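Visitor: A structural model of the following input is requested.
(chains A and B)
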There are 2 protein chains.
Amino acid sequence: MNKQNWPLEDVRHWLEPGPVVLISSRWQGKNNIMTLGWHTILEFSPSLVGLMISAGNVSYSLIRQSGECVINLPDASMADIVSGIGNCRGDSTDKFAHFDLTAEKSEQIAAPGIAECHASFECRLYDDALVERYNFFIFEVVAARVKPEPEWPQTLHYTGGGIFRGDGEVIDRHRLFTKVS
Amino acid sequence: MNKQNWPLEDVRHWLEPGPVVLISSRWQGKNNIMTLGWHTILEFSPSLVGLMISAGNVSYSLIRQSGECVINLPDASMADIVSGIGNCRGDSTDKFAHFDLTAEKSEQIAAPGIAECHASFECRLYDDALVERYNFFIFEVVAARVKPEPEWPQTLHYTGGGIFRGDGEVIDRHRLFTKVS
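Guide: Coordinates of the predicted model:
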């Protein structure tokens, strides 16, 4: 099912619960994908996300050069792919081809998304003040696209040691929320 | 059950999956607690965590002045408390008293932890370079304490709009992990 536009100021709906994500990038004709669990929302509007991208990754170089990446949200059926991508190197493997993933054209940036993922958030570098010291990139989400179904896919949450937790039941406490968010 | 020491370099085990946390703080005899979902691990060793603490919170002031806080991990049975804490103000409410929570003495810092939470990570300010611009604090975890049981509590993951997701089944892919972490 094709993705549809999602409000930029509500990217938190998908990323604040803390799922592992796949980061796709492109520079000088080369695409790559990495698995990433160290991210946080930083602001609703502009829509800011912080990513810790270790300098040892091939993706680091592509993202540093291009100033772009796509944050893709895999569902639990992709656990093998997510693990595999995190355990091979982009300098010796074309990860789109090896894992049979489809590069999906982005709207606002050159880096492609991953068609098989539930959501794709196109990111442009916003602030690199902490890149040298911590490999911490602040990106602005400039386009957000999400599959309309299912309403919520099973997501993967990484605990280290090759073990993920899926997500579970809905726990609705909206009656206790008097503030906006 | 009393908490026991946990390896500082493995705080990610608890925080990387993205649970909502309760941040306790103390300054000049005043304690406070806030609910927070915008955090990320930044480094194994030193054990670094980034927290986005909105300047509108009373906790911001206590944490800015003291340079300390405790990241506490609530379980799903605390969903009402987590929601309530996120929807009242610390300048008019003593949150420990109001929510019947027990201030637990910390080992390394003055700010107390929350005894009822599954884990408490004592934090000292490490870098405030992005506090002015983004309210983004980088803390070093200087003590980590976790209840030995259960091995994994149900955690809460916030999606906005007063709706949390619990966490679900264990998805074990360690056979696919050839890298260390």
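Visitor: hey, let's count contacts and neighbours off CA atoms from now on
Guide: Will do.
Visitor: what separates the longest helix seen in chain A from the chain centre, distance-wise?
Guide: For chain A, the helix that runs over the most residues, judged by DSSP state H, is helix A:58-66. Distance, stretch centre to chain centre, for helix A:58-66: 15 Å (C-alpha atoms, centre = their mean, to the nearest Å).
Visitor: buried stuff in that helix?
Guide: Across helix A:58-66, burial judged by 16 or more other C-alpha atoms under 10 Å in any protein chain shown covers A:58-64, A:66.
Visitor: Would you mind trimming these to those in range of chain B?
Guide: Applying C-alpha under 8 Å from any C-alpha of the partner chain, the subset of the buried residues of helix A:58-66 adjacent to chain B is empty.
Visitor: ok, the nearest residue to residue A:65 once chain neighbours are set aside - how many residues close by?
Guide: Leaving aside its sequence neighbours, residue A:65 sits nearest to residue A:27 (C-alpha to C-alpha, 6 or more residues apart in numbering or on different chains; 7.0 Å). Residue A:27 sits with 19 neighbouring residues when counted by other C-alpha atoms under 10 Å in any protein chain shown.
Visitor: mind checking the backbone torsions on the residue lying closest to residue A:122 once chain neighbours are set aside?
Guide: Excluding the flanking residues, the one nearest residue A:122 by C-alpha to C-alpha, 6+ apart is residue A:70, at 4.5 Å. Torsion angles at residue A:70 (phi, psi; degrees, to the nearest 10) stand at phi -120, psi 130.
Visitor: show me the residues around residue A:70 that make contact.
Guide: By C-alpha atoms under 8 Å, 6 or more residues apart in numbering or on different chains, the residues touching residue A:70 are A:23-25, A:111-113, A:120-123.
Visitor: how about 6 Å then?
Guide: A:23-24, A:113, A:121-123 (C-alpha atoms under 6 Å, 6 or more residues apart in numbering or on different chains).
Visitor: Kindly provide the distance from residue A:4 to residue B:114.
Guide: Separation of residue A:4 from residue B:114 (C-alpha to C-alpha, to the nearest Å): 42 Å.
Visitor: Okay, the residue nearest to residue A:122 and chain B: tell me how far apart.
Guide: Using C-alpha to the nearest C-alpha, to the nearest Å, we find residue A:70 at a distance of 18 Å from chain B.
Visitor: So for the residue most central in space within chain A, what's the pLDDT?
Guide: In chain A, the centroid-proximal residue (C-alpha atoms, centre = their mean) is residue A:71; its distance is 2.3 Å. In this model, residue A:71 is scored at 98, pLDDT.
Visitor: Any chance of a markdown table for the buried residues of helix A:58-66, columns pLDDT?
Guide: What follows is the buried residues of helix A:58-66, written out as a markdown table (pLDDT from 0 to 100):
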| residue | pLDDT |
| --- | --- |
| A:58 | 92 |
| A:59 | 95 |
| A:60 | 96 |
| A:61 | 96 |
| A:62 | 97 |
| A:63 | 98 |
| A:64 | 97 |
| A:66 | 98 |
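Visitor: three-state assignment of the residue lying closest to residue A:44 once chain neighbours are set aside?
Guide: Among residues not flanking residue A:44 along the chain, residue A:9 sits closest, at 4.7 Å (C-alpha to C-alpha, 6+ apart). Classification of residue A:9 by DSSP: H, G, I helix; E, B strand; the rest coil places it in helix.
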